[in-house]
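[1] Fold the stuff below for me.
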Amino acid sequence: MPFHWAINPYRGCEFACKYCYARYTHEFMELRDGVDFERKIFVKQHAADLLRQELRRVKSGESIAIGTATDPYQPAERRFEVTLAILEELARHSGLEIGIVTKSNMVVRDVEVLRRVAEHNQLYVNLTVTTVDTELARILEPRAPRPDLRLEAVRQLNLAGINAGVICAPVLPEITDRPRDLEALVKAAGEADARYIYANPLFLKPCSAAVFLPFLEEHFPSLVELYRKRYTDRAFLPKGYSERLSRLMANLRQRYGIGGEHGGRNRRALASQAEQQLDLF
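    Down below sits the predicted model:
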């Protein structure tokens, strides 16, 4: 992993993103139907108590990433508040490097506890935004909050003194990777005062392809053969694609005055995750 520790308050994710690489984690519980990942959500109700014990093993400078496989602010959080309890526990500690990844503007609910966490720790909140096209986002990420709501959360967090930025993950070939579309996203991130923005190409494991390819057949039938060819015997796109994407994003960050080359190790670790889509489990 590109960071030392990972916390996922829930197993499974209700947002039902068609490209989600983490669907395979349900297979560890013998749930092999890809849609089980978005329909059967497991709640780690004693996570905060377990975290208190685990934190004894965390050394100074080691990074902690929250939400690497499932969204910590998915709808279940409104009822169970597992993520909130985890943040309350982290606020009792100091010297940690913490990063949060979410697609939900619900994170703003916790602004006060996030401030307390940030007082004595390095904290970065990363809002995932794949496109600023609301209609396209609704197709790709059926139950996730709208992109404009996520970008507004970035603005509100930064206004509250919490470092927040955008991760564009994943970038979908021929769907969200046109330069004008990525420029629109970077421009919107800049207008939302994002501290940084990174992007990574689609990472497609077989269990995710079982959901994503039928989705393509329904909504983007002309792209099915292209994706089959690119991902038949690999989960990653060729290195050249990633390099071109990285250069484009670097140019766009410079054009719109968004940082991206400095900051804590945790943020760089999360950026590495965004750029590499490492296997997290």
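
[2] what's downstream of the longest strand seen in the chain, the next helix or strand?
    Using DSSP state E, we find that the single longest strand of the chain is strand 163-171. Proceeding C-terminally, strand 163-171 gives way to helix 179-191 as the next helix or strand, assigned by DSSP states H and E.

[3] Quickly run through the sheet partners of whatever helix or strand comes next after that following helix, with directions.
    Next helix or strand after helix 179-191 toward the C-terminus (DSSP H and E): strand 197-201. Looking at strand 197-201 with DSSP bridges, its partner strands are strand 163-171 (parallel).

[4] How about residue 187: what's its closest non-neighbour residue?
    What sits nearest to residue 187 in space, not counting adjacent residues and going by CB to CB, 6 or more residues apart in numbering, is residue 256, at 5.6 Å. Heads up, the C-betas are built off the backbone N, CA and C, glycines and all.

[5] Surely that neighbour is in contact with residue 193?
    No: look at residue 256 against residue 193 with CB atoms under 8 Å: they stay out of range, at 11.1 Å.

[6] Could you pull out the helices in the stretch 1-150 of the chain for me?
    Using DSSP state H, counting those that start in this stretch, the helices of the stretch 1-150 of the chain run over 36-39, 47-54, 76-80, 82-90, 111-120, 134-140, 147-159.

[7] circling back to that earlier point, contacting residues for the residue nearest to residue 187?
    186-187, 189-190 (CB atoms under 8 Å, 6 or more residues apart in numbering).

[8] tell me the contacts of residue 40?
    Residue 40 makes contact with 12, 26, 31, according to CB under 8 Å, 6+ apart.

[9] do that again at 6 Å, thanks
    residue 12 (CB atoms under 6 Å, 6 or more residues apart in numbering).

[10] Tell me the confidence at residue 89?
    At residue 89, the model reports a pLDDT of 98.

[11] okay but it is in contact with residue 51, surely?
    Yes: the pair residue 89 / residue 51 is scored as a contact, 5.2 Å apart, by CB atoms under 6 Å.

[12] Can you list the low-confidence ranges for the protein?
    The chain contains residues with pLDDT under 70 at 1, 260-281.

[13] go with 80
    Counting by pLDDT under 80, the chain has low-confidence residues at 1-2, 28, 32-34, 260-281.

[14] right, and residue 66 touches residue 100 too?
    Yes: if you go by CB under 6 Å, residue 66 and residue 100 touch, sitting 4.6 Å apart.
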